[in-house]
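Colleague: sequence first, then the predicted structure:
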Amino acid sequence: MNPYRRSLLAFAGGAGTLVIAAAAGLLRTGQAWAATWNKAGFESKAMADVMKSLGATGAAESKDIVITAPDIAENGAVVPIAVTSRIPGTQQISIVAEKNPFPLAATFDVAGGGEGYVSTRIKMGQTSDVWAIVKAGGKVFTARKEVKITVGGCG
Amino acid sequence: MSITRREFLQMLAVAAAQGLPLAGRAAEAGISEALYELPRPAGSATLLHFTDCHAQLLPLHFREPDVNIGLGEARGRPPHLVGEALLRYFRISPKTRLAHAYTQVDFEQAARRFGKVGGFAHLATLVKRVRAQRPGALLLDGGDTWQGSATSLWTRGQDMIDAAKLLGVDIMTGHWEFTYGAARVREAINKDFAGRVEFLAQNVKTLDFGDPVFKSHVIRQVNGVPVAIIGQAFPYTPIAHPRHYVPEWTFGIQEEALQKVVDETRKKGAHAVVLLSHNGMDTDLKLASRVTGIDVILGGHTHDAVPEPVPVRNRLGTTLVTNAGSSGKFLAVVDLEVRGGKVQDCRYRLLPVFADLLEADPEMAAYIRSVRAPFDGKLSEPLAVTEGLLYRRGNFTGTMDQVILDALMEAKGAEIAFSPGFRWGTTILPGQTITMEHVMDQTAVTYPYTTITDMTGAAIKNILEDVCDNLFNPDPYYQQGGDMVRVGGLRYRCDPTQKIGSRIGGMTLNDRPIEAGRIYKVASWAPVGEGASGEPAWEVVARYLRSKKVLRPVQPNRPALVGVDGNPGLA
């Protein structure tokens, strides 16, 4: 742990988050963001509709996409999901929790030359495959990983 | 390696068979020599490993499971072998001391014949003896050391912290330790362990920035050989226990982070890399196939007493995976032969600690007496005499679990009861007096609350399915390493080979089918949810036993098993 960094950020409050996001410098902002808002995708309740909205219906799985997520979630309300895409020319990364009431959890547009890495937290109500949908060079690729939500308790 | 190991076991088995029963002192001394005087391999670095002692300072009986089912690739392979199947696989002669140590076969008879096992005073003697033969040997503790007894609970682990220092533990990792809370763990590390015991866990990070909470590894010179030890705490600590004990920490297996640590230790010049793991054996077997560069995984958590290491191939080599049982029954001696900067060979022995073959170490014995003295009156309170054998281990039930369930149902006026599938807890022989200490051995947790809940039939089924998946999910990374929740009142059928949602069926209560929409009264204890309260389980069980005075043999409520006929993990 780095106690100095923690106390500094505690002092700086919410500003810390903004600094990190700005430093990353990879996300489009403002109007461009609004222009590409995938309304149909985010409002879809069916997995098939989400995939369609992302142009991912029948898309190929890629080993160059790595999903970093817990095998068993510690807290379904905030499940940390990171996606790394090593596919050249990655333009967009979406995260989809198949069994969520609204499966599409997030879409990130990656500016030209940006590294294909995003990290966020999503809410999950039950055990489900989590999909990463990557657009690169006009094509769409997928990867998935199961994240288990459990009632807990053991030995 | 494995042939040498098998010959060694065979030799011991023969010696033991000849020496026993009703052996004179001379014959016993001969057995002790055969068991504990180990040939010294040249130029090696030695590690000693024990794990999951669950705070048992005194010698005890501990019955190994008669049900430990393995499915798919795990079927019929260690650790999923029980009883005679285990003896055959490892070529251990039946009716010997080793057979008694590793299996439940003829448990009562063998326990009376061979006496108690474990106990820190006897373990200390063995550690000293091996260390005298092997200079510089490191002693590694796999965790679950501060929990499992009355005195550990009442001293918040202090009795075990001091016992571990006296025993000469060099390095440990943890699991139940965390149920005393993050502050307590930090206090022990900063005050008691400073300069003495390293607490390692590469897979515990802060929730906010992912910063490491503990040291991930150390590199120690062992008899002149640089050996890296990496710690791996129980990955599902915040799920298996109330979250509030470690609110700011995140766990998990963290394979990629582990690979980085392994690579780092190799770069720093480690000639041998060892993972001190609390993952559980199935998880370790999978991990060994995916993470490269580890020579040996010294494993715990699942309490599997596995006599030989399992070699696992991965992309760049082979990793040996071990599991060293529980309750202080065993000390593993790991001789690494290191030449040319790498491990050339490994000899592994999982030595049972037979209390009557190893004299009690006077210093440790005196310490144990002193730490127990203030509690003697409470510990020795007689509650009832048991007519049957009381034990815990097994995938589905144990007779001791059944007593807890019966006590819960009676105390709470409940028709159904649940008790967690804990793998710890001592075994009590027929005719023995059950004391308060015995009850604490089964219930001493920091969240012992008993509860009564109205649950629908559907909710009950969901819980059974969920816990069953933690045990039988085909992917070990989705298993948590405990056993099935123990169930009182309700009868059910279980097909472990199915998927979640389809394993549990035929649920009945008093011969009538459970209805999905009906409400049932369910008694339980050790809730992981926030804000729970209730009378501690030990009070409920003790009251029940006092009222019985003589406890008739109980019939454990084992579900009807489907799809696992002939499984070598089923005796």
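Modeller: That came in fine, so what should we check first?
Colleague: how's chain A carved up into domains?
Modeller: With domains defined by automatic domain parsing, chain A comprises A:1-35, A:38-147.
Colleague: the last one near chain B anywhere?
Modeller: So that's domain A:38-147. Yes: using Cβ under 8 Å from any Cβ of the partner chain, domain A:38-147 reaches chain B at A:68, A:70-75, A:80, A:127, A:146. C-beta here means a position set from N, CA and C on the backbone, and glycine is covered the same way.
Colleague: return the most buried member of the domains of chain A.
Modeller: domain A:38-147 (a mean of 18; mean count of other Cβ atoms under 10 Å in any protein chain shown).
Colleague: of all the domains of chain A, which lies closest to residue B:493?
Modeller: domain A:38-147 (22.6 Å; Cβ to Cβ).
Colleague: residue B:441 should be in a helix, yeah?
Modeller: Yes: assessed with DSSP: H, G, I helix; E, B strand; the rest coil, residue B:441 lies in a helix.
Colleague: my guess is it meets residue B:422, correct?
Modeller: No: using Cβ atoms under 8 Å, residue B:441 is not in contact with residue B:422; the gap is 10.6 Å.
Colleague: of all the domains of chain A, which lies closest to residue B:76?
Modeller: Of all the domains of chain A, domain A:38-147 sits nearest to residue B:76, with 25.1 Å by Cβ to Cβ.
Colleague: one step back: tell me which two of the residues of domain A:38-147 next to chain B sit farthest apart.
Modeller: Pairwise over the residues of domain A:38-147 next to chain B, using Cβ to Cβ, the maximum falls at A:68 and A:127, 17.9 Å.
Colleague: still on that earlier bit, could you export the domains of chain A as a markdown table, including mean pLDDT and distance to residue B:521?
Modeller: Output for these, formatted as a markdown table (pLDDT from 0 to 100; distance: least, Cβ to Cβ, whole Å):
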| stretch | mean pLDDT | distance to residue B:521 |
| --- | --- | --- |
| domain A:1-35 | 46 | 46 |
| domain A:38-147 | 95 | 26 |
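Colleague: turn those into JSON lines, including distance to residue B:534.
Modeller: JSON lines is the format used below for the domains of chain A (distance: least, Cβ to Cβ, whole Å):
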{"stretch": "domain A:1-35", "distance to residue B:534": "35"}
{"stretch": "domain A:38-147", "distance to residue B:534": "24"}
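Colleague: shaky segments in chain B?
Modeller: Residue ranges of chain B with pLDDT under 70: B:1-29, B:41-43.
Colleague: ok, the residue nearest in space to the middle of it - contacts?
Modeller: Central residue of chain B (Cα atoms, centre = their mean): residue B:303, 3.1 Å from the mean position. Residues near residue B:303 by Cβ atoms under 8 Å, 6 or more residues apart in numbering or on different chains: B:52, B:323, B:325-327, B:393, B:423-424.
Colleague: now swap in residue A:60 and tell me
Modeller: Per Cβ under 8 Å, 6+ apart, neighbours of residue A:60: A:141-142.
Colleague: at 6 Å what do you get?
Modeller: Residue A:60 sits next to residue A:141 when contact means Cβ atoms under 6 Å, 6 or more residues apart in numbering or on different chains.
Colleague: what's across from it in the sheet?
Modeller: Residue A:60 has these beta-bridge partners by DSSP bridges: residue A:141.
Colleague: can you give me the neighbour number for the residue in the stretch 251-400 of chain B that chain A sits nearest to?
Modeller: Closest contact between the stretch 251-400 of chain B and chain A, by Cβ to the nearest Cβ, is at residue B:252 (5.1 Å). Residues near residue B:252, counting by other Cβ atoms under 10 Å in any protein chain shown, number 24.
Colleague: residue B:315 too?
Modeller: By the criterion of other Cβ under 10 Å, residue B:315 has 9 neighbours.
Colleague: cool, and the one 10 residues further on?
Modeller: Residue B:325 is flanked by 30 other residues according to other Cβ under 10 Å.
Colleague: name the nearest residue to it, sequence neighbours excluded.
Modeller: residue B:305 (3.4 Å; Cβ to Cβ, 6 or more residues apart in numbering or on different chains).
Colleague: likewise for residue B:489?
Modeller: residue B:416 (4.3 Å).
Colleague: tally of neighbours for the one you found?
Modeller: Using other Cβ under 10 Å, residue B:416 has 22 neighbouring residues.
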